[in-house]
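Enquirer: sharing a model prediction with you, sequence too.
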Amino acid sequence: MLNINTYLLIFIIIFSSIVFLVLLVNNQKKKFLNILIDNEFSKAQSYHKKPTLKVGGIFIFFYIILAYFFFKNSLLLRNVFYISIPFFFFSILEDIKIKINPLTRLVILFIIIFFCVNLFNLQIYSVQFYNVDKLLNSNQIFSFLFSTLCILFIINGSNFIDGFNGLLGLHSSIIIFILSIINYYYGNYDIFFLCILFLICLIIFLFFNFPNSRIFLGNSGSYLIGLILAILVILTSQKTQYHKVYPFFFACLLNYIFFETFFSFFRKIFYEKKNPLYPDKKHLHMLVFASLKTHVKTTLIINFFYLITLIIALFFFKNPGLLKIIFILQIFFYIMFYLALIKKKN
């Protein structure tokens with residue numbers, strides 16, 4: 001449990017992070033920050049109209065360093081710190097305008113994740129399908145590859161839905177808040193502590209990103225958030241599998257981020273006959289924005305509807321049958337909503 005000293009240290013982290021971020025924001029006209037300013041308005045995924053700092057990833061990484069410094073006794077936090085290092089330094093390259101071929105980026109990410117899964121025991125042991133579960137528990141190579149692909153999907157999904165004020169930050173906050181409830185309920189206080197730390201981190205970021213965007217996450221920020229979500233979900237799944245918190249609960253929890261990647265990939269390959277690795281303006285949140293013409297409403301509407309399904313899933317997290325129905329309904333409504341919006345746009 002968190003004592004008064006822990007709360008005091010969390011306050012120091014918050015205060016230090018805010019000071020660091022405010023200094024960056026107030027100095028965004030300085031020449032040394034030009035490399036971190038997003039002023040490429042012609043990109044497919046660009047919807048902003050003024051130069052904005054891409055320092056969200058720096059802020060999150062700085063926050064992780066501070067947390068690591070103050071809470072060295074937390075083994076889980078130490079592992080998160082070690083894992084975040086290669087992700088941050090690789091993903092920051094594009095934030096400082098060093099272009100990387102999408103396929104090269106995907107391969108490098110896969111390799112980094114594969115080694116992290118192996119070194120830090122981030123394996124997924126059950127997906128509630130007998131034959132797959134049997135392979136996951138009997139074939140270590142399959143388990144590593146499967147876990148790597150799942151994490152890769154979450155990280156790329158986070159990157160896909162980033163770009164709109166508060167969309168990823170708010171969605172991730174909802175997921176982590178629900179994970180904190182589950183972990184507190186089952187006495188997993190080490191993971192609960194991590195959830196609270198990163199929830200605080202996201203709240204601080206949202207202060208600067210929503211409803212008005214003074215900073216962006218950038219690739220480094222969206223990758224780090226995706227990584228943190230994947231780690232927290234896998235750790236929670238590992239710790240609660242004996243309490244019968246079924247895998248489809250976590251599938252419902254990550255459905256939007258995961259399915260955004262899955263749907264986009266196959267939409268581009270089979271329907272549009274184009275390279276799935278390059279961005280376009282046909283993601284769900286972009287179509288919602290095209291209809292509403294406002295970042296704030298887009299963020300709130302998408303997260304509101306997903307929050308409803310997540311609350312229902314939370315009440316039935318021990319009922320595998322109902323969780324599967326909720327998961328299928330999430331996908332069904334996503335596709336129906338998407339088709340209606342794309343038809344309206346065309």
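Expert: Yep, it's here.
Enquirer: quick one, helices of the stretch 1-150 of the chain?
Expert: Secondary structure of the stretch 1-150 of the chain (DSSP state H, counting those that start in this stretch): helices located at 4-26, 56-70, 75-95, 102-119, 130-138, 140-161.
Enquirer: roughly how far apart are the closest residue to Leu292 other than its chain neighbours and Gly166?
Expert: Distance criterion Cβ to Cβ, 6 or more residues apart in numbering; nearest residue to Leu292, sequence neighbours excluded, is Thr298 at 5.6 Å. No exception for glycine: its C-beta is placed from N, CA and C like everyone else's. Distance, Thr298 to Gly166, by Cβ to Cβ, to the nearest Å: 9 Å.
Enquirer: so between these two, which is more surrounded?
Expert: Between Thr298 and Gly166, counting by other Cβ atoms under 10 Å, Thr298 is the more crowded of the two (24 against 21).
Enquirer: got the phi and psi for the more buried one?
Expert: Dihedral pair for Thr298: phi -60, psi -50, per degrees, to the nearest 10.
Enquirer: which SS class is the residue nearest to Leu103 when sequence neighbours are not counted?
Expert: Spatial nearest neighbour of Leu103, chain neighbours left out: Leu277 (6.0 Å); criterion: Cβ to Cβ, 6+ apart. At Leu277 the chain is in coil, as set by DSSP: H, G, I helix; E, B strand; the rest coil.
Enquirer: who's in contact with Leu277?
Expert: If you count contacts by Cβ atoms under 8 Å, 6 or more residues apart in numbering, Leu277 has them with 102-103, 106.
Enquirer: in which helix or strand would I find Ile326?
Expert: helix 320-345 (DSSP states H and E).
Enquirer: in that helix, which residues are buried?
Expert: 322-323, 326-327, 330, 334, 338, 341 (16 or more other Cβ atoms under 10 Å).
Enquirer: which of these sits closest to Ala313?
Expert: Nearest to Ala313 among the buried residues of helix 320-345, counting by Cβ to Cβ, is Ile326 at 5.1 Å.
Enquirer: that closest one and Ile182, how far apart?
Expert: In terms of Cβ to Cβ, Ile326 sits 16 Å off from Ile182.
Enquirer: what about stretch 275-293, how long is it end to end?
Expert: By Cα to Cα, to the nearest Å, the extent of stretch 275-293 from end to end equals 28 Å.
Enquirer: please name the spatially closest residue to Asn137 (chain neighbours excluded).
Expert: Tyr125 (6.0 Å).
Enquirer: what about that neighbour, neighbour count?
Expert: Count around Tyr125 with other Cβ under 10 Å applied: 14.
Enquirer: now do the phi/psi pair for it.
Expert: Here Tyr125 shows phi and psi, under degrees, to the nearest 10, equal to phi -100, psi -10.
Enquirer: check contacts around it.
Expert: Tyr125 touches 133, 136-137, 143, 237-238, 241, counting by Cβ under 8 Å, 6+ apart.
Enquirer: may I ask which of those has the most neighbours?
Expert: Ser237 (22 neighbours).
Enquirer: looks like that one contacts Gln123 (just checking).
Expert: No: using Cβ atoms under 8 Å, Ser237 is not in contact with Gln123, being 9.9 Å away.
Enquirer: ok, the contacts of Tyr125 vs Ile12, which is closest?
Expert: Gln238 (30.6 Å).
Enquirer: how about the closest one: what's its closest non-neighbour residue?
Expert: Tyr125 (7.1 Å).
Enquirer: gap between Tyr306 and Tyr256?
Expert: 5 Å.
Enquirer: so what's in contact with these two at the same time?
Expert: Counting by Cβ under 8 Å, 6+ apart, the shared contacts of Tyr306 and Tyr256 are 171, 330.
Enquirer: buried set for stretch 117-131?
Expert: Applying 16+ other Cβ under 10 Å to stretch 117-131 flags 117, 120, 122-124, 126-127 as buried.
Enquirer: can you name the two of those that sit furthest apart?
Expert: The widest separation within the buried residues of stretch 117-131 (Cβ to Cβ) is 20.0 Å, between Phe120 and Val127.
Enquirer: what's the burial count for the residue lying closest to Lys274 once chain neighbours are set aside?
Expert: Closest residue to Lys274 apart from its sequence neighbours, by Cβ to Cβ, 6+ apart: Lys268 at 5.3 Å. Here the number of neighbours of Lys268 (other Cβ under 10 Å) works out to 18.
Enquirer: low-confidence bits of the stretch 51-200 of the chain, can you list those?
Expert: Within the stretch 51-200 of the chain, the segments meeting pLDDT under 70 span 51-52, 163.
Enquirer: would you mark the buried spots in stretch 238-245?
Expert: So for stretch 238-245, counting by 16+ other Cβ under 10 Å, buried means 238-240, 245.
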